[in-house]
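Colleague: kindly return the folded structure for what I paste below:
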Amino acid sequence: MSSTQLGYFLIADITGYSTYLSQSELEHAQKTLSALLNLLISHTRPPLIISRLAGDAVISYGLRDNFYQGQTFVEVIDTTYIAFRRAIELMVLNTTCPCRACKNIKDLDLKFFIHYGAFGIQKLGGHEEMVGAEVNTIHRFLKNKVTKKTGIRAYTLYSEAAIHQLGLEEASRAMTHHRESYENIGKMSVWIRNMHPVWEAGKEQLRVRLTPDQVLMRVDTIINLSPEWIWDYLIQPEHFNVFAGGTKTVIVNRRNGFVAKGTEYQCYHGETYISQTVLEWQPFERILVRVLAPIQIGETYLLIELLLEQVGEATRFSQIFSKAEGSALGRVMADRFFKSLHAVAQEDIDNFGKYVEEVYLQRLSQFPDSPTTIGDSIG
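Modeller: The predicted structure is shown next:
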């Protein structure tokens with residue numbers, strides 16, 4: 001067994017698996033479950049490392065010192081759940097098979113269990129197995145009374161240790177506090193995040209896309225990191241400030257401690273700042289902000305779209321500026337002002353790309369004993 005590590009444990013567990021198998025034709029049921037497990041595997045990317053599969057569950061871990069901040073990890077879970085539910089919905093819509101396995105697909109759902117603590121890695125049969133008391137604890141969480149006590153069938157369960165280590169104390173106020181009691185462990189506090197509202201919000205989210213005739217200018221850069229890692233830096237003011245090219249960035253109007261729709265980035269240049277208010281927030285894909293133009297003619301604003309697009313093992317990061325809205329004179333002056341900054345904007349986005357690559361590599365260099373798969377997100 002390796003030396004003791006500190007980190008996070010994640011179990012993604014398909015709800016209703018046993019009932020589904022017992023009430024369905026095996027051949028079709030296995031194809032459905034295989035497709036859903038492969039989806040979960042594809043969404044389990046570095047810094048998460050898959051430990052093993054357990055029938056209806058994907059079990060993974062991540063090391064404390066090379067991990068996302070709390071909001072990014074929550075959004076990884078949320079996007080995985082939305083993708084799972086979208087897959088279920090498409091299976092139901094596209095199947096014409098009358099067998100019970102295909103009719104019962106709609107009854108499947110998903111739960112997540114997240115814990116933090118010490119563990120070791122033991123190689124068994126060609127794969128790495130997590131071992132330790134805290135590993136046993138997260139497996140105990142699988143047997144719980146959450147649905148019986150709360151009525152919530154699809155959820156993310158966070159242990160108290162995970163909440164504290166991820167810095168989710170403020171976010172936990174919007175979750176359901178719950179207690180479980182286990183033999184040889186005693187009573188444990190956990191927090192439950194209902195995933196059905198996450199799905200409803202995700203599937204109905206409207207996207208205001210900039211049309212070609214609305215675009216004033218665009219700058220792009222290629223960053224040798226995954227979209228998730230770039231996103232993790234963008235939602236931290238000290239890193240976003242490198243992208244903004246300012247003296248400092250302050251983030252206000254967070255929602256339950258998270259950067260979200262309605263949050264404002266205040267990008268300072270000396271004593272003054274440019275306000276960027278988030279209109280749309282699609283984790284790891286896109287941010288749309290409304291920017292007040294720094295001119296003294298009425299209220300003139302424009303939209304800026306930030307896009308993250310996977311390109312092989314890298315990511316294309318784009319910043320797209322719309323033409324201004326406001327009075328005729330305000331529009332002319334604002335468009336002229338931002339177009340004059342085209343070269344600066346290109347330099348800022350290039351500098352940001354180089355900066356986050358360097359920060360990421362410096363972080364990795366501090367932990368040479370980490371599993372090699374940790375670095376798979378950088379080419």
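Colleague: low pLDDT regions in this protein?
Modeller: The model of the chain has pLDDT under 70 over residues 1-2, 20-28, 96-98, 100-101, 125-127, 204-208, 366-379.
Colleague: hey, where'd the helices end up in it?
Modeller: Under the criterion DSSP state H, the chain carries helices at the ranges 17-22, 26-42, 70-94, 100-103, 133-141, 146-150, 160-165, 196-203, 227-234, 237-244, 328-339, 342-365.
Colleague: out of the ones you listed, indicate the one that is most buried.
Modeller: When the helices of the chain are scored by mean count of other CB atoms under 10 Å, the highest mean neighbour count falls to helix 227-234 (a mean of 22). From N, CA and C alone the C-beta is placed, and that goes for glycine too.
Colleague: that helix relative to helix 342-365, how many degrees between them?
Modeller: Interaxial angle, helix 227-234 versus helix 342-365 (axes from the mean of the first three to the mean of the last three CA atoms, to 10 degrees): 110 degrees.
Colleague: give the other helices and strands that helix 227-234 contacts.
Modeller: In this structure, helix 227-234 packs against helix 70-94, helix 237-244, strand 301-311, strand 314-322, helix 342-365, with contacts taken as 3 or more CB pairs under 8 Å, 6 or more residues apart in numbering; DSSP states H and E.
Colleague: residues in contact with that helix?
Modeller: For helix 227-234, the external contacting residues (CB atoms under 8 Å, 6 or more residues apart in numbering) are 45, 68-69, 72, 75-76, 223, 239-240, 243, 283-285, 287, 306, 308-310, 315, 317, 356, 359-360, 377-378.
Colleague: how about a cut-off of 6 Å?
Modeller: Applying CB atoms under 6 Å, 6 or more residues apart in numbering, the external contacts of helix 227-234 come out as Y68, T72, I223, H239, F240, F284, L308, T315, V356, S377.
Colleague: just stretch 178-186 next, same as before
Modeller: Among residues not part of stretch 178-186, those counted as contacts by CB under 6 Å, 6+ apart are R140, N144, K187, M188, S189, V190, I192.
Colleague: extract the C-alpha trace of that stretch and format it as CSV.
Modeller: Written as CSV, here are the backbone C-alpha positions of stretch 178-186 (Å, rounded to 0.1, in the frame of the first residue of the first chain):
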residue,chain,number,x,y,z
HIS,A,178,-29.6,15.4,7.4
ARG,A,179,-28.2,13.0,10.0
GLU,A,180,-27.3,9.3,9.6
SER,A,181,-26.2,6.9,12.3
TYR,A,182,-23.8,4.0,11.6
GLU,A,183,-22.5,1.2,13.7
ASN,A,184,-18.9,1.8,14.9
ILE,A,185,-19.1,5.3,13.5
GLY,A,186,-22.0,6.9,15.3
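Colleague: list the buried ones in that stretch?
Modeller: Using 16 or more other CB atoms under 10 Å as the burial criterion, the residues of stretch 178-186 that qualify are H178, E180.
Colleague: coming back round to it: nearest to A118, out of the helices of the chain?
Modeller: With CB to CB as the measure, helix 133-141 is the member of the helices of the chain nearest A118 (5.8 Å).
Colleague: what packs against the closest one?
Modeller: Contact partners of helix 133-141 among helices and strands, from 3 or more CB pairs under 6 Å, 6 or more residues apart in numbering; DSSP states H and E: strand 109-124.
Colleague: same thing but 8 Å
Modeller: Other elements packing on helix 133-141 under the criterion 3+ CB pairs under 8 Å, 6+ apart are strand 5-15, strand 109-124, strand 155-159, strand 176-182.
Colleague: of the ones you listed, which approaches A328 most closely?
Modeller: Closest to A328 of the helices and strands packed on helix 133-141, according to CB to CB: strand 155-159, at 50.3 Å.
Colleague: follow-up on the earlier one: nearest to G62, of the contacts of stretch 178-186?
Modeller: For G62, the nearest member of the contacts of stretch 178-186 is V190. The distance, counting by CB to CB, is 19.2 Å.
Colleague: beta partners for that closest one?
Modeller: Applying DSSP bridges to V190 gives these bridge partners: S159, H178.
Colleague: now the farthest one out in the protein, which residue is it?
Modeller: If you look at how far each residue of the chain sits from its centre, by CA atoms, centre = their mean, the farthest one is L329, at 41.1 Å.
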